[in-house]
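Have a look at this prediction, sequence included:
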Amino acid sequence: MLEMASAEGEILGITNAGALAGVLVPMNQRTVQRMADRDAPDLQASVQRAREEMAAAEHLDTPPDVSFEDTRGEMRPDFTRISIRELSGTRIEQASAAGETLLVTKDRVVLGVLVPVTQDWVDHLIENSVARFLGEAADPETAAAPGPFAPQPETFFPSNPEMTPTPGWESLRKRALGIKIITDAPGDRERLVGVVTDILGSVIGDPVEMSLPDVSEQQVFAKILTLVDVLRSRLSPEEYILGLGLEIGGHVHEGRVVYSANANWEHFPLADRLADALNVPVILENDANALAVYERWFRGIDDDRFAVVLITHLGVGCGLVLDGRVYRGIHGMAGELGHIPVDLSERTRPKCRCENPGCLEGVATPHAIGLTLSDHGFYQGYDAALLAPDDDTVRKVFGLAGAAMGRALANIINILNPSAIVLHGPRSLLGLPGQFRSDGEPPASGVARHYVAEMLSSVREHSFSTGADDCRFIVRTSDEEKGAAAAATCLIRHVEHPQAPETTEHRARAKTEPR
C-alpha cells in the first residue's frame, strides 16, 4: 500500500488501532533534498509551534522538536531512516511518543516522509505543514504568496448562504467541486462524473455519476447544474465552496470549448454561462491539461519539464509542463498528440474524426484497435481480444498500435527532452501502475505487454541521442473520479494561487456574493 501510494503520489493517513497515527507524504529523493534545503526549517517550526500550543493549553512540558535532514543530506539524530519492512504499529507509536520523523525507504530508495502525529495536533500539522509543502514547496515561483491555507474569506462561497466565515479554521472547510464531461464513452455511455474535494485535491465521499441522454449544449448545461446541486447538498453548513472545475476532451481556451469532435461543439462559452448561473468561479480545462496540473501541483511530480499523455476510448491528449508551467499555446490547442500523423501507409483506412489521414487516434486507441482487429479478420471485438492475448492477430494489432504510440512519444522526447512522460489510460493497454525506463521491464501482462513492449521499442528506435535514456515513464490507471478531481484542482490553483503562471492563462468569473 505504501509503495502504491508513493508511485501514485497519494497522501496517506496512517492509522493504528483505529486512531490516526501519522501522515505519509510520498516523495522521491530530489523532493527530499529540496525540502531539506528550503522547506524543512519552516515545516519543523510549524509543527513545533503546534506542539507548544497544545502543551501550553494542557499545562504540559513542551514536547521535543521534530527535525529533518540538514542541507548536506546528513541525518540528525531524531530524523530516522527506516525500511518499509521495519514499519509497524508499535514502531509508529514509539516515533509519535518521541517526536521522531521517519524517512521511509525500500531498497534504500525514498518512498516518503512519515510524520507521526497525535489526534490533538493533527489539524495543526495539516494546516501548517503538509499543505504548505504541497503548495508552495512544489511551486518556487509562488513561494512568496500566501499558502493554500491562508484565510481568504472573500473567496468563500458557503453551501448555506446564511453562514458567515469565521477566522481560524476556514481553510480546513474549503471545498472544490470537480466535474468530468465524458463524451466519448464506449457503448454510448456519455455521462458526467462529479466529486467534492478538499484543498489538497483529495476526493471526499463517493463520486456522483449522471447519464447524458445526448451531448447537446443545452442538455449538458442543464445536467451540470443538476449535478452541482447534488454535490452541494452533500456539504455541511460549515463547509465552503471555492468554485467549480470542469474538464472535457477537445480544444479549450479561456473558458470556451473551441472545438469538440466528440460533442460536436464549436465556440461554446460553457464556463461563463455556468459562472453566471452558479455565481461562483468556474474553470474549464482540457482533460489532459487538467491532469498535468494535477500531477505537477497535487501529485508531487517536482520535475519542471514533463508530459502527461491521456488515452481515452476514442482519443489521445497531451498536457505539457514546460519550465514548471502548463503550456497551452497561443489559443489553448497545444498538446493535441492524437492528431499528429503516425500512419500514412494505409491510405484506404477511414480518416480520423478530424478528417485528416493517419492520425495517432486512428491507430492507438481502444476504438481504433477494435476497428483494426476487424480489418485483420478478428471480428469478436476489443473486449474479446483482451481474453486472447496469444492470438496471432491480436498480438500483431496491439503491437502495431503500441508502435504508433511509441513514435508519438519519441516526437515528444525529441522536441522537449522531458524528464518524464506520465501515461494515463486503461489498464488493458498500459498494464499496472508503476515507473520504468525505455530499456526496462514494464509491469504489463496480457495484451498490454504487446502494446507497451512495442511502444518502448519504438521510443528507443525513433528517439535522438540520449533522449529516451533521459526520460522515465510513469503509468497511471485512468478513471473518471481522477479526472473530476483533476478538474477540481485546476479550480483550486486558480483561486488559491491567482498569481501562479498557469492560472493567468484562464479567464474565470470570480464573484463574491453567494448564490
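In hand now; what should we look at?

shaky segments in the stretch 51-200 of the chain?
Applying pLDDT under 70 to the stretch 51-200 of the chain flags the ranges 51-79, 96-99, 107-108, 116-171.

In a strand, residue 418, correct?
No. Judged by DSSP: H, G, I helix; E, B strand; the rest coil, residue 418 forms no part of a strand; its state is coil.

Per the annotation, how does the chain divide into domains?
Taking automatic domain parsing as the criterion, the chain consists of the domains 2-137, 173-292+480-505, 303-477.

Need those domains in JSON lines (columns: mean neighbour count).
Any C-beta I mention is one placed from the backbone N, CA and C, and that applies to glycine too. Below are the domains of the chain laid out as JSON lines (neighbours: other CB atoms under 10 Å):
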{"stretch": "domain 2-137", "mean neighbour count": "17"}
{"stretch": "domain 173-292+480-505", "mean neighbour count": "21"}
{"stretch": "domain 303-477", "mean neighbour count": "19"}
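
Ranked by average pLDDT, which of those domains falls at the bottom?
Of all these, the minimum mean pLDDT falls on domain 2-137 (a mean of 59).

Apart from its neighbours in sequence, what residue is nearest residue 114?
Among residues not flanking residue 114 along the chain, residue 102 sits closest, at 4.3 Å (CB to CB, 6 or more residues apart in numbering).

In three-state terms, label the nearest residue to residue 284 once chain neighbours are set aside for me.
Excluding the flanking residues, the one nearest residue 284 by CB to CB, 6+ apart is residue 271, at 4.1 Å. Assigned by three-state DSSP, the conformation of residue 271 is helix.

Residue 271 touches residue 281, doesn't it?
No. At 9.1 Å, residue 271 and residue 281 do not qualify as touching, with contact defined as CB atoms under 8 Å.

Let me see the ranges of the strands in the stretch 101-250 of the chain.
According to DSSP state E, counting those that start in this stretch, the stretch 101-250 of the chain carries its strands in the segments 101-106, 109-116, 157-158, 174-182, 191-197, 203-211, 240-248.

helices or strands next to the second one in the packing?
Packing partners of strand 109-116 (3 or more CB pairs under 8 Å, 6 or more residues apart in numbering; DSSP states H and E): helix 2-8, strand 19-26, helix 29-34, helix 89-98, strand 101-106.

cutoff 7 Å now
helix 2-8, strand 19-26, helix 89-98, strand 101-106 (3 or more CB pairs under 7 Å, 6 or more residues apart in numbering; DSSP states H and E).

partner residues bridging residue 252?
Residue 252 forms beta bridges with residue 257, as assigned by DSSP bridges.

Which residues are in contact with it?
Counting by CB atoms under 7 Å, 6 or more residues apart in numbering, residue 252 touches 258, 284, 285, 286, 332.

give me that answer again for 6 Å
284, 286, 332 (CB atoms under 6 Å, 6 or more residues apart in numbering).

Residue 457 and residue 368, how far apart?
Plainly put, residue 457 is 20 Å away from residue 368 if you go by CB to CB, to the nearest Å.

Same check on residue 250?
According to CB to CB, residue 250 and residue 368 sit 18 Å apart.

thinking again about what came up before, output the contacts of residue 252 as CSV; include the columns secondary structure and distance to residue 397.
Listed next are these as CSV, based on DSSP: H, G, I helix; E, B strand; the rest coil; distance: CB to CB, whole Å:
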residue, secondary structure, distance to residue 397
284, strand, 36
286, strand, 29
332, coil, 34
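
List just the nearest of the residues you listed to residue 424.
Of all these, residue 286 has the smallest distance to residue 424: 13.1 Å, by CB to CB.

who does the closest one bridge with?
Applying DSSP bridges, one finds that residue 286 bridges with residue 248.

Any figure for the gap between it and residue 255?
On the measure of CB to CB, residue 286 and residue 255 end up 12 Å apart.

Check residue 303 too.
28 Å.

now residue 176
17 Å.

picking up where we left off before, residues touching the residue nearest to residue 284, list them.
255, 282, 284.

And the contacts of residue 252, which is closest to residue 439?
Nearest member of these to residue 439, counting by CB to CB, is residue 286, at 31.8 Å.

and the gap between the closest one and residue 265?
With CB to CB as the criterion, residue 286 and residue 265 are 13 Å apart.

The residue nearest to residue 437 when sequence neighbours are not counted pairs with what?
Spatial nearest neighbour of residue 437, excluding adjacent residues (CB to CB, 6+ apart): residue 472 at 5.9 Å. Counting by DSSP bridges, residue 472 forms beta bridges with residue 420, residue 437.

Is residue 472 in contact with residue 419, as I believe?
No. Between residue 472 and residue 419 there is no contact, the gap being 7.1 Å when judged by CB atoms under 6 Å.

Phi, psi for the nearest residue to residue 197 once chain neighbours are set aside please.
Nearest residue to residue 197, sequence neighbours excluded (CB to CB, 6+ apart): residue 488, at 4.4 Å. The phi and psi torsions at residue 488 (degrees, to the nearest 10) take the values phi -60, psi -40.

Start at 11, not 1
Taking 11 as the first residue, the last one we looked at is residue 498.

Tell me which residues touch residue 498, please.
Applying CB under 6 Å, 6+ apart, the residues contacting residue 498 are 186, 188, 207, 255.

how about residue 321, what does it touch?
Counted by CB under 6 Å, 6+ apart, residue 321 has contacts residue 435.

Likewise for residue 384?
Contacts of residue 384 by CB under 6 Å, 6+ apart: none found.

repeat that with 10 Å
390, 391, 392, 407 (CB atoms under 10 Å, 6 or more residues apart in numbering).

isn't there a helix covering it?
Yes. Judged by three-state DSSP, residue 384 forms part of a helix.

Just say helix, strand or coil for residue 341.
Applying three-state DSSP: residue 341 is coil.

Which residue, other than its chain neighbours, is closest to it?
Residue 341 sits nearest to residue 263 (CB to CB, 6+ apart), 5.1 Å away.

go on, residue 278?
That would be residue 267: by CB to CB, 6+ apart, it lies 4.4 Å from residue 278.
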